[in-house]
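**Student:** sequence and computational prediction follow.
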Amino acid sequence: LGAKVIRLLTMVKFAASLTAAAVLAGSASAFAPARASSKSVAMDAMSKSVPFLEDPKNTKGYVGDVGFDPLGFSDNFDIKWLREAEIKHGRSAMLATLGFVMQEFVTLPGMTHVDDANLAPAVVGASPMLQIVVWGGAMEWWTNKGKVTQMDMFEDPERVPGKLGFDPLGLSKNKTPEQMERIELQEIKNGRLAMLAIGGMIHHNWVTGEALF
């Protein structure tokens, strides 16, 4: 009987020790910093728009950033210069999209009407087209004060890509930073859409040989 009592007491002490150890371990883990799983860390490092590619680090902080840089341009070129190019191409594409559609329905006085906007350059001749190129280059040179290359365009650290002081309608006046960010996001998204749209419309006419509408 005595041996059984001793064995029982030993088992009780052992169980009590295990319980105490479990309680202490649980208390310690409650105050220990949580460790992110390797899977979640890996997911955070991936692009939101292209999940199988790493998130580009140089596009961070720019309005409209969705982690899309599959060719790694931002790792090899000045991100400010790239941003300026995107904004300007977007603005040009928005104007081009509108002009491409209006060409089919509106003809300026003295001009020959053609339904297919792709034929317009051939109809008007080389001179008007060269005027567009020359004036576009002149505006680029003037707005950048002659600094039009990737090496010198952003020598001034205060120079913000795309902000050229052109706001004749005063759309940016009395706007909060949040409101300005929303306007900038609308511009960049519409510009991206327009670049896709003008490319699609031009190729539609080339492939089908017909006007848009």
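**Tutor:** Ah, there it is.
**Student:** for the chain, which residues score under the pLDDT cut-off?
**Tutor:** 1-44 (pLDDT under 70).
**Student:** what lies in contact with stretch 149-165?
**Tutor:** Under the criterion Cβ atoms under 8 Å, 6 or more residues apart in numbering, residues 77-78, 80-81, 83-84, 87-88, 143-144, 147 lie in contact with stretch 149-165. Every residue, glycine included, has its C-beta placed from N, CA and C.
**Student:** any idea how far that stretch is from the chain center?
**Tutor:** In terms of Cα atoms, centre = their mean, to the nearest Å, the centre of stretch 149-165 is set 19 Å apart from its chain centre.
**Student:** repeat for stretch 181-193
**Tutor:** Its chain's C-alpha centre and that of stretch 181-193 lie 9 Å apart, by Cα atoms, centre = their mean.
**Student:** check the gap between residue 156 and residue 150 for me.
**Tutor:** 14 Å (Cβ to Cβ, to the nearest Å).
**Student:** okay, these two: which has more neighbours?
**Tutor:** Taking neighbours as other Cβ atoms under 10 Å, residue 156 and residue 150 compare with residue 150 leading, 13 against 10.
**Student:** what strand or helix carries residue 201?
**Tutor:** Element membership of residue 201 [criterion: DSSP states H and E] is helix 177-208.
**Student:** in that helix, what counts as buried?
**Tutor:** Within helix 177-208, the residues that qualify as buried by neighbour count (16 or more other Cβ atoms under 10 Å) are 184, 187-188, 190-192, 194-195, 197-198, 201, 205.
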